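> One predicted model, sequence on top.
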Amino acid sequence: MSRVQPTAVGLTVLVPRFMALTWMFGTILGALECGVVQAAAESPAAKPNVVVIFMDDMGYADPGPFGGDAELTPNLNRMAQEGRRFTDFYVSQAVCSASRCSLLTGCYNVRLGILGALGPSARIGLNPNEKTIAEVCREQGYATACFGKWHLGHHEKFLPLQQGFDEYFGLPYSNDMWPYHPGVRDLPMEERLKRWPHLPLIEGNQVVNAQVDDAVQAELTRLYTEKSVSFIERNQDRPFFLYLPHSMVHVPLYAGKEFLGKSGKGLFADVMMEIDWSVGRILDTLRRLDLERSTLVVFTSDNGPWLSYGDHAGSAKPLREGKGTMFDGGCRVSCIMRWPGSIPAGSVCSEPLMTIDLLPTIAELTGGSLPEHTIDGRSIVPQLLEETPPPSPHEALYLYYGKQLQAVRSGRWKLHFPHGYRTLAGREGGTGGIPVNYENSTIGEELFDLRQDISESTDVSAANPEVVARLRRLAEAARAELGDNNRAGAGMRPAGQL
């Protein structure tokens, strides 16, 4: 799990070896080498801009390119046609703060002590000693901005401006953490506020609206998008990193007035249409400013759908379960990356990869430095750019929920260890934004072949004892480094503390 620096073999190594074989050809090749090196020095590759659009609770099957209603997502369809779909892309943990921590730092969240979803009473946050993608980019002269849901600590010392971002506008945590949460809706307001304070909207380090209401919630997608477009326009002549973590499609669902009722297919579909509009605005802005071929755009989600909300939640089908579980419906997310002229258009990568890979990948593309401390991600530049994506750089991906190692994904195989999980057990979810209750279930040690059984339905451990033994060994090494339940890992670092 230690850092891996990219290596390369260049002409300066290959040419001298060839010259030793023949003086004549060596002289010619030496001259050619000098010309190549001189030309490269005169025309350095431009550092790409980077845009990361991070959805909240969007199911694997919600975007059209992954099986959703294609009529709702023409711009995501366009992204897939012009870029690469990643079909086996994971988050470190299927819940908000933990997932965001991993994306920004390149580390499993358990390494950094960020678990679950931090609420308004939390006294911890992302440790400022950790190095974020924004800090990697800013060291290279990039402008950096975050517009949307932060959820890595709402106290000032943990906010984006203290984590490498030049600009910030958005909610400090989930948009349901307010006194209109379904769990308190029947209580007097005085009692509600004891459990959920008013939801603030922050710009920079300052609260600009202390009591977000329905009208503001309905404007969030538009506001985040307009801030993003303005940021791109203002920084079109320098490299930039834009992180756009939308509050939607997390409940409570809100669509802007231009989209409310527009789909004719319900509120969730309206919200999907507005999110797709937002993606289109970003892509159109890049095209208008002639920045398409110099900008990598990543679209993915923090975890799968919150299934208990039924018609206000998306779909992970045919994956099993959803948010809050480490079955693939919870931790495997749709992902599209687009970089015209660099990423092969209309292509697919089916290698197991994870959001922890974004930091080292962006560091390699921008010439940035990796953190001095250990990270878990690997550069996936080859999986991003090569016509035929090579195998995953990970021998395994480790899937924790809370502090418990619940599963390991390696190649086509996924081994679950005994654990409990929440499920609807085939029941329908709620309606109108009111959830139904989950029930509890358990799974023993079971092995699934995800190439043959994407729904994790048939245990094949008895037929593959050598695979089970190998994944057990890998899991034990992970436990030694990252811990497991009450067992401490040697590589764990503390979260930021007040």
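Perfect, I can see it now.

> Leu171 is in contact with Leu223, correct?
No. Applying Cβ atoms under 8 Å, one finds Leu223 not in contact with Leu171, separated by 10.6 Å. In this view, the C-beta of every residue, glycine as well, is placed from N, C-alpha and C.

> who's more crowded, those two?
Set Leu223 next to Leu171 and count neighbours by other Cβ atoms under 10 Å: Leu171 wins out with 24 against 17.

> where's that one relative to Leu112, distance?
22 Å (Cβ to Cβ, to the nearest Å).

> again with Ser121
20 Å.

> if you count what's nearby, which of these two comes out ahead?
Under the neighbour definition other Cβ under 10 Å, Ser121 and Leu112 were set side by side, and Leu112 has more, 23 against 10.

> ok, that one touching Gly496?
No. Contact between Leu112 and Gly496 fails when scored by Cβ under 8 Å: they sit 9.1 Å apart.

> how about the nearest residue to the residue minimising distance to the centre of the chain, chain neighbours excluded?
With distances taken as Cα atoms, centre = their mean, the chain has Thr355 as the residue nearest its mean C-alpha position (4.6 Å). Leaving aside its sequence neighbours, Thr355 sits nearest to Leu103 (Cβ to Cβ, 6 or more residues apart in numbering; 4.2 Å).

> And for Phe268?
Phe268's closest residue in space is His312 (Cβ to Cβ, 6+ apart), at 5.8 Å.

> Give me the neighbour count for the residue lying closest to Thr144 once chain neighbours are set aside.
What sits nearest to Thr144 in space, not counting adjacent residues and going by Cβ to Cβ, 6+ apart, is Ala134, at 4.3 Å. Neighbour count of Ala134, defined by other Cβ under 10 Å: 24.

> And for Gly59?
Using other Cβ under 10 Å, Gly59 is surrounded by 29 other residues.

> The one 3 residues further on too?
Neighbourhood size, Asp62 [other Cβ under 10 Å]: 29.

> From Gly322, how far out is the closest residue to it other than its chain neighbours?
Nearest non-adjacent residue to Asp62, counting by Cβ to Cβ, 6+ apart: Gly314, 4.0 Å away. Distance of Gly314 to Gly322, computed by Cβ to Cβ: 9 Å.

> which of those two has more neighbours?
Gly322 (31 against 28).

> Now do the contacts for the more buried one.
Applying Cβ atoms under 8 Å, 6 or more residues apart in numbering, one finds that Gly322 lies in contact with 59, 94, 304-307, 313, 316, 329-330.

> rerun at 10 Å
57, 59-60, 94, 303-309, 313-316, 328-331, 422-424, 429 (Cβ atoms under 10 Å, 6 or more residues apart in numbering).

> Take these and keep only those in strands.
When the contacts of Gly322 are checked against strands (DSSP state E), the matches are 422-423.

> rewinding a little: shared neighbours of Gly314 and Gly322, which are they?
The contact lists of Gly314 and Gly322 share 57, 59-60, 304-307, where a contact means Cβ under 10 Å, 6+ apart.

> Which single one of those residues is nearest to Arg138?
Checking the shared contacts of Gly314 and Gly322 against Arg138 with Cβ to Cβ, the nearest one is Asp57 at 29.3 Å.

> count of neighbours near the closest one?
For Asp57, using other Cβ under 10 Å, the count is 29.

> count of neighbours near the closest residue to it other than its chain neighbours?
Closest residue in space to Asp57, ignoring its immediate chain neighbours: His250 at 4.6 Å, by Cβ to Cβ, 6+ apart. A count of nearby residues for His250, using other Cβ under 10 Å, gives 24.

> name the element His250 belongs to?
Following DSSP states H and E, one finds His250 outside all helices and strands.

> Find the residues that touch each one of Leu112 and Gly496.
126-127, 129-130, 152.

> Closest one of these to Asn485?
Asn127 (22.2 Å).

> if I pick the closest one, what's in contact with it?
By Cβ under 10 Å, 6+ apart, the neighbours of Asn127 are 101, 105, 112-114, 152-153, 157-158, 163, 493-497.

> Provide a ChimeraX selection command restricted to the buried entries of these.
To isolate the buried ones among the contacts of Asn127 in ChimeraX, judged by 16 or more other Cβ atoms under 10 Å, type:
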select :101,105,112,113,114,152,153,158,163,495,496
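
> Cross the contacts of Asn127 against helices and list the overlap.
Of the positions in these, 101, 105, 112 sit in helices, assigned by DSSP state H.

> Let's have those in a markdown table, adding distance to Pro344.
As requested, the ones in helices among the contacts of Asn127 are arranged in a markdown table below (distance: Cβ to Cβ, whole Å):
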| residue | distance to Pro344 |
| --- | --- |
| Cys101 | 31 |
| Thr105 | 29 |
| Leu112 | 34 |
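
> what's the closest of those to Arg84?
Thr105 (23.9 Å).

> if I look at the residue nearest to Asp57, how far off is Ser102?
18 Å.
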